[in-house]
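Undergrad: Next one to model:
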Amino acid sequence: MPGADGRRLPSGDRRQEGAKAPVCPMFRFIVVLLTSIFLITILRSVMGILLRGVSEFMRAANPSTPPPAGQPNRVPEIPHTDELKKDPVCGTFVAAATSVKQAVGGDTFYFCSTACRDKFRR
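TA: Below you'll find the model as predicted:
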């Protein structure tokens, strides 16, 4: 069977004149993979926007829920300190700012819990 330039095509080549060469399967896989990743990213963004809108709508309908992200949430902050104190009962180290304190005879003892403090009192 002669080709476009008049030369004879190999017997295994069944292309007709003007037909394109087949696309490499690996190239097709990469294109499909990248397209899928792009579409999933867009879908996640749209779903996030929709869910945020529904959340704000539900929050407006129920005023007992916490304030939105733009307004400050009145959660008491735990003070941070680098100083650790050893609990005299169980031996664990506790941050001095968050420990249970007990003053005995002018000395301050630091406990990990009220249970350890109560054991120490006995």
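
Undergrad: Going by C-alpha atoms from here, please, whenever you check contacts or count neighbours.
TA: Fine.

Undergrad: so where do the helices sit in this protein?
TA: 25-61, 114-121 (DSSP state H).

Undergrad: Ends of stretch 84-99, what's the gap?
TA: 9 Å (Cα to Cα, to the nearest Å).

Undergrad: Buried residues in it, which are they?
TA: Within stretch 84-99, the residues that count as buried by 16 or more other Cα atoms under 10 Å are K85, K86, D87, F93, V94, A95, A96, A97, T98, S99.

Undergrad: Low-confidence ranges, this structure, go.
TA: 1-23, 63-82 (pLDDT under 70).

Undergrad: Quick check: phi and psi at the residue nearest to C116 when sequence neighbours are not counted.
TA: Nearest residue to C116, sequence neighbours excluded (Cα to Cα, 6 or more residues apart in numbering): V89, at 5.9 Å. When read as degrees, to the nearest 10, the backbone of V89 gives phi -90, psi -60.

Undergrad: ok, now which ones touch V89?
TA: By Cα atoms under 8 Å, 6 or more residues apart in numbering, V89 lies in contact with F111, C116, R117, K119, F120.

Undergrad: out of everything not next to it in sequence, what's closest to the fourth one?
TA: Which is K119. V89 (7.3 Å).

Undergrad: OK, contacts around F27?
TA: By Cα under 8 Å, 6+ apart, the contact set of F27 is empty.

Undergrad: ok, now how distant is it from I37?
TA: 15 Å.

Undergrad: any idea how far I42 lies from G53?
TA: 17 Å.

Undergrad: ok, now K119?
TA: The value you get for K119 to G53, if Cα to Cα is used, is 52 Å.

Undergrad: With S99 instead?
TA: 41 Å.

Undergrad: go on, F120?
TA: To G53, F120 is 53 Å away according to Cα to Cα.

Undergrad: Equivalent analysis for R44, please.
TA: From R44 to G53 the distance is 14 Å (Cα to Cα).

Undergrad: next one: F38
TA: To G53, F38 is 23 Å away according to Cα to Cα.

Undergrad: Alright, that wraps it up for me.
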